[in-house]
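1. I'll drop the sequence and a predicted model, then ask my questions.
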Amino acid sequence: MDEIREALKEGLREEAAPISRRLAEVKGLSNNAIRRLENIEATIESERSARVDDLALLVELLTEGWRAMNARLDRIEAALEPAKTNVVSLRESA
């Protein structure tokens, strides 16, 4: 009876060893995939943050451009005020 038990144990060890190695390999590959996905996630987050900063700068530049344009139009209109009889205001015609 002991011989049968020993034979069964030996057979199970021989069959389980390759499965155990495969399982360890799959675990290592899944850990590697998780690390890579985390790196990709961090890269995407930093890129997104950079694009948001770029967009904020663009909005600020556009806003300042329009403010400068308004100030320039105000100066032009003020300079033309004495001769306004034949001049149509740009803001009123739009």
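-> Arrived safely, thanks for sending.

2. When you work out contacts or count neighbours from here on, use the C-alpha atoms and nothing else.
-> Fine.

3. What's the mean pLDDT across the helix or strand containing Leu8?
-> Element membership of Leu8 [criterion: DSSP states H and E] is helix 2-80. Averaged over helix 2-80, pLDDT sits at 92.

4. From here on, call the first residue 43.
-> In the new count, where the first residue is 43, that last one comes out as helix 44-122.

5. Just give me how far it sits from the chain centre.
-> Once both centres are worked out by C-alpha atoms, centre = their mean, to the nearest Å, helix 44-122 turns out to sit 8 Å from its chain's centre.

6. Same question for stretch 43-56.
-> 57 Å.

7. Can you name every helix or strand that the helix holding Leu50 contacts?
-> In this structure, helix 44-122 makes packing contacts with no helix or strand, judged by 3 or more C-alpha pairs under 8 Å, 6 or more residues apart in numbering; DSSP states H and E.

8. now the one residue sitting closest to the centre of the chain: how far from Gly70?
-> Nearest residue to the geometric centre of the chain (C-alpha atoms, centre = their mean): Arg90, 2.9 Å. Applying C-alpha to C-alpha, to the nearest Å, one obtains 30 Å for the distance of Arg90 from Gly70.
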